[in-house]
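Trainee: Next one to model:
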Amino acid sequence: MVAVKQGGPDPAGNSKLKDIIAKCKANNMPNDTINNAIKKAAGEGNSANYEELTYEGYGTNGVAVIVKASTDNKNRTAADVRHIFDKAGGNLGTTGCVSYMFESKGVIVIEKEGCPLEEDDLMMVAVEAGAEDFSSEDEVYEIKTAPSDFTAVTETLTEKGLTFLEAGVQMVPNTYVTLDEASAEKMQRLIDKLEELDDVLEVYHNWDE
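Mentor: I've put the predicted structure just below:
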């Protein structure tokens, strides 16, 4: 809805909306749900003015945290986010204080079990579609792309009959922080409380879970 407000309801001329639609489809959202959200956002009766905001701060033991939010009341959201950081023993920082530790990347995760392509074939298809990186983990394949190539790669993989455990443009950390058990519990509570806020869209961090 925010993307439609900013760039119009036609994904052909609104790259942000196109990427969001690709993410929705990758996560098996029905087309009717997507189209209804676009129509609602474009409708004259929808006067709510939402804007996207990014908050940066530190969690337990200096873990870097980025919070993406969408709100119609900046003061309310800022106060809610700050309260959660303070209560969890962290602190909300200034813009840019941790974002330099992250890169924006398209991330696609595919479960190995049931994958219709062999590993080498999948890697070839992904790279030819524009992927930057391909890795094989214990039970999944992970594909990373530049944000601008995310939609093209997901569309190509979908055409090959692949489904995704996860797909979206994310803030990927360059380095990770390891926590002991007690600190990990505090960090998990901070993440859980942030994600419970209605205004929060995504929470990114460099805690090595």
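Trainee: domains in the protein, as residue ranges please.
Mentor: If you go by automatic domain parsing, the domain ranges for the chain are 2-42, 51-100+174-205, 102-172.
Trainee: Format those as TSV; extra columns: mean neighbour count and mean pLDDT.
Mentor: (Each C-beta comes from the backbone N, C-alpha and C, glycine too.) Converted to TSV, these look like this (neighbours: other CB atoms under 10 Å; pLDDT from 0 to 100):
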stretch	mean neighbour count	mean pLDDT
domain 2-42	16	85
domain 51-100+174-205	17	94
domain 102-172	16	93
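Trainee: Pull up the distance across stretch 101-121, start to finish.
Mentor: End-to-end distance of stretch 101-121 (CA to CA, to the nearest Å): 33 Å.
Trainee: next structured bit after the helix or strand residue 24 falls within?
Mentor: Using DSSP states H and E, residue 24 sits in helix 15-26. Next in sequence after helix 15-26, counting helices and strands by DSSP H and E, comes helix 31-42.
Trainee: so how far is that following helix from its chain's centroid?
Mentor: Distance of helix 31-42 from its chain centroid, counting by CA atoms, centre = their mean, to the nearest Å, is 20 Å.
Trainee: which helices and strands does the helix or strand just after that helix pack with?
Mentor: Later in the chain than helix 31-42, the nearest helix or strand by DSSP H and E is strand 51-58. Contacts defined by 3 or more CB pairs under 8 Å, 6 or more residues apart in numbering; DSSP states H and E place strand 51-58 against strand 64-71, helix 74-87, strand 91-92.
Trainee: what angle sits between strand 51-58 and strand 64-71?
Mentor: Between strand 51-58 and strand 64-71, the angle comes out at 160 degrees (axes from the mean of the first three to the mean of the last three CA atoms, to 10 degrees).
Trainee: bridging residues for the residue sitting nearest the centre point of the chain?
Mentor: The chain has residue 170 as the residue nearest its centroid, 4.1 Å off, counting by CA atoms, centre = their mean. With DSSP bridges applied, residue 170 shows beta-bridge pairing to residue 105.
Trainee: is it true that it touches residue 104?
Mentor: Yes. Assessed by CB atoms under 8 Å, residue 170 is found in contact with residue 104 at 7.5 Å.
Trainee: Can you name the element that comes right after the longest helix along the chain?
Mentor: The longest helix of the chain (DSSP state H) is helix 181-196. Per DSSP H and E, the first helix or strand lying C-terminal to helix 181-196 is strand 200-205.
Trainee: correct me, but residue 59 touches residue 67?
Mentor: No. Judged on CB under 8 Å, residue 59 makes no contact with residue 67 at a distance of 10.7 Å.
Trainee: where does residue 98 fall, phi/psi-wise?
Mentor: Dihedral angles of residue 98 (phi, psi; degrees, to the nearest 10) stand at phi -130, psi -10.
Trainee: got the contact list for it?
Mentor: For residue 98, the contact set (CB atoms under 8 Å, 6 or more residues apart in numbering) comprises 56-58, 64-66.
Trainee: Surely residue 103 touches residue 171?
Mentor: Yes. Between residue 103 and residue 171 there is a contact at 7.3 Å, judged by CB under 8 Å.
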